[in-house]
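# Fold the following.
(2 chains)
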Amino acid sequence: QKEVEQNSGPLSVPEGAIASLNCTYSDRGSQSFFWYRQYSGKSPELIMSIYSNGDKEDGRFTAQLNKASQYVSLLIRDSQPSDSATYLCAVNEGTGKLIFGQGTTLQVKP
Amino acid sequence: GAGVSQTPSNKVTEKGKYVELRCDPISGHTALYWYRQSLGQGPEFLIYFQGTGAADDSGLPNDRFFAVRPEGSVSTLKIQRTERGDSAVYLCASSLGSGSSPGELFFGEGSRLTVL
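Numbers count the residues shown, from 1 in each chain, chains lettered A, B, ... in the order given. Below is the predicted model of the structure:
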């Protein structure tokens, strides 16, 4: 069974702290990896994509990929209350099919 | 339109009825995806199209579910003999991606289906 796994949380961090969100995937053939943010009652929106091992930074967000460990993470620096949402990890298995994890709920407390 | 449009936004039906959900993707997007999302869960893959053809329909749960995209643009998800377990938000997404690389998916606001 091909899977994408995330801790459902909630993950609670104080405002200004670093939030660390993790995801593991089971298919070694997976080629591209995405983090989507979903506010309550809204649809997912893409915040980061990563295709090769290492780190990718975009503003306060850093995505990290380790294909050997089949592990993807998202770091959010200087967390703000507006970052409170569910973060979905998504994996392309190489066929164009995008599989989502169950999501991690992040709560940033002022 | 500028974004992915889904209709209806809300549908309440009775067990055993037939339902159609419509998705109008972003103009020029060749790939179109259908997902189903239950409360507290991530989007569950159902099917995706490249152009008019279903590239992967492995997520359709059973033969009561069917989707079409006859002209490579608008898609309809059809559910026959609805069951209470079909209640969920059905999300449609489109992307410019082709082949094995989906790129960024742009989601519609979803169709909330409730089966009584």
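# C-alpha from now on. contacts and neighbour counts both.
Noted.
# So the lowest-mean-pLDDT helix or strand in chain A, near chain B or not?
Every helix and strand of chain A was ranked by mean pLDDT, DSSP states H and E. The lowest is strand A:98-100, at a mean of 91. Yes - using C-alpha under 8 Å from any C-alpha of the partner chain, strand A:98-100 reaches chain B at A:98-100.
# which residues are in contact with that strand?
Identification of contacts with strand A:98-100 by C-alpha atoms under 8 Å, 6 or more residues apart in numbering or on different chains yields A:3-4, A:88-93, B:42-45, B:102.
# Same question for stretch B:5-25.
The contact list for stretch B:5-25, computed with C-alpha under 8 Å, 6+ apart, reads B:3-4, B:32, B:73-84, B:92-94, B:108-116.
# Which stretches in chain A count as strands?
A:4-5, A:11-14, A:19-25, A:32-38, A:45-50, A:54-58, A:61-66, A:71-76, A:85-92, A:98-100, A:104-109 (DSSP state E).
# what's the spacing between the fourth one and its chain's center?
Going back to what we said before, that points to strand A:32-38. Strand A:32-38 sits 5 Å away from the centroid of its parent chain (C-alpha atoms, centre = their mean, to the nearest Å).
# still on that earlier bit, what's the closest of the contacts of strand A:98-100 to A:Q107?
A:Q107 lies nearest to A:L88 out of the contacts of strand A:98-100, by C-alpha to C-alpha, at 14.4 Å.
# Contacts only, for the residue nearest to B:E109 when sequence neighbours are not counted.
Leaving aside its sequence neighbours, B:E109 sits nearest to A:S43 (C-alpha to C-alpha, 6 or more residues apart in numbering or on different chains; 5.6 Å). Contacts for A:S43 were tallied using C-alpha under 8 Å, 6+ apart; they are B:91, B:107-110.
# Does A:G101 touch B:Q37 like I think?
No - using C-alpha atoms under 8 Å, A:G101 is not in contact with B:Q37; the gap is 11.3 Å.
# In the sheet, which strands lie alongside the worst-scoring helix or strand of chain B on mean pLDDT, parallel or antiparallel?
Sorting the helices and strands of chain B by mean pLDDT, DSSP H and E puts strand B:53-56 at the bottom, at a mean of 90. Here strand B:53-56 has these sheet partners by DSSP bridges: strand B:44-50 (antiparallel).
# so where is the chain shaky, pLDDT-wise?
Looking at chain A here, since you left the chain open. Flagging of chain A using pLDDT under 70 yields the residue ranges A:1-2.
# could you do chain B instead?
Checking chain B against pLDDT under 70 turns up B:1, B:98-102.
# which stretches of it form strands?
Going by DSSP E, chain B shows strands at B:5-7, B:10-13, B:19-24, B:31-37, B:44-50, B:53-56, B:65-68, B:75-79, B:88-95, B:106-107, B:111-115.
# Run the chain-centre distance for stretch B:80-92.
10 Å.
# Then stretch A:33-52?
Chain-centre distance of stretch A:33-52: 7 Å, with C-alpha atoms, centre = their mean.
# Please export the C-alpha coordinates of it as PDB.
Extracted in PDB, the C-alpha atoms of stretch A:33-52 (Å, rounded to 0.1, in the frame of the first residue of the first chain):
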ATOM      1  CA  PHE A  33       7.000  16.600  -3.200                       C
ATOM      2  CA  PHE A  34       4.700  19.300  -2.100                       C
ATOM      3  CA  TRP A  35       3.400  21.100   0.900                       C
ATOM      4  CA  TYR A  36      -0.100  22.500   0.800                       C
ATOM      5  CA  ARG A  37      -1.700  24.700   3.400                       C
ATOM      6  CA  GLN A  38      -5.400  24.400   4.100                       C
ATOM      7  CA  TYR A  39      -7.300  26.800   6.300                       C
ATOM      8  CA  SER A  40     -10.500  25.600   8.000                       C
ATOM      9  CA  GLY A  41     -13.400  25.300   5.500                       C
ATOM     10  CA  LYS A  42     -11.100  26.300   2.600                       C
ATOM     11  CA  SER A  43      -9.300  24.400  -0.200                       C
ATOM     12  CA  PRO A  44      -5.700  23.500  -0.200                       C
ATOM     13  CA  GLU A  45      -3.100  25.900  -1.600                       C
ATOM     14  CA  LEU A  46       0.400  25.200  -2.600                       C
ATOM     15  CA  ILE A  47       3.200  26.800  -0.500                       C
ATOM     16  CA  MET A  48       6.300  24.800  -1.400                       C
ATOM     17  CA  SER A  49       7.500  22.200  -3.800                       C
ATOM     18  CA  ILE A  50      10.800  20.300  -3.700                       C
ATOM     19  CA  TYR A  51      12.300  17.900  -6.200                       C
ATOM     20  CA  SER A  52      15.900  17.100  -5.100                       C
END
